[in-house]
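[1] Dropping a prediction and its sequence here:
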Amino acid sequence: MTPVEVLAAHREESRLFSMADEGFSIILCACGAELEGGAAHAAHVLDALAKAGHVVVDLPEPDIDNGRQKVWTSSIADVILGEYMGVLIDWSDADDSPTPDELRALAAALLAAAVAAEGGRA
Ligand SMILES: [Zn+2]
């Protein structure tokens, strides 16, 4: 399923019960699940995206931003976006195999640099 198909399959179908003053509601998802509140429905949708193989990445801010360069540091490599040089990867000298968390951090840094290189956030 594409992300759009996942989101469509888990859209809010209706509110079965709502106490707006209390901030409480029961939401019927298009998949048939009944969830207590909007936060539970949002978590349900994120879980459905993950199960379909899609991830939501919180793009990190650069660790260094001097106006000409942005640098995202990690234990595996530094990702550098330069004003005239594009994106460079400065690999560390670590010999150990990276952990899954280290790989996720590097992947997020690369995505953040790509978005910034296209003129987006960060
Ligand atoms: Zn659902």
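    Arrived safely.
[2] what helices or strands is the lowest-mean-pLDDT helix or strand in the chain leaning on?
    Every helix and strand in the chain was compared by mean pLDDT, DSSP states H and E; the lowest is strand 12-19, with a mean of 83. Strand 12-19 makes packing contacts with strand 24-29 when contacts are defined by 3 or more CB pairs under 8 Å, 6 or more residues apart in numbering; DSSP states H and E. C-beta here means a position set from N, CA and C on the backbone, and glycine is covered the same way.
[3] Run the chain-centre distance for the longest helix belonging to the chain.
    Of all the segments of type helix in the chain, defined by DSSP state H, the longest one is helix 100-117. Mean-position distance between helix 100-117 and its chain equals 10 Å (CA atoms, centre = their mean, to the nearest Å).
[4] what's in contact with it?
    57-62, 70, 72-77, 79-81, 86-87, 89, 98, 121-122 (CB atoms under 8 Å, 6 or more residues apart in numbering).
[5] what about the helix or strand where residue 5 lies, average pLDDT?
    Assigned by DSSP states H and E, residue 5 belongs to helix 3-9. Helix 3-9 shows a mean pLDDT of 97.
[6] buried ones in that helix?
    residue 6 (16 or more other CB atoms under 10 Å).
[7] Can you list the low-confidence ranges for the chain?
    By pLDDT under 70, the weakly predicted segments of the chain are 20, 120-122.
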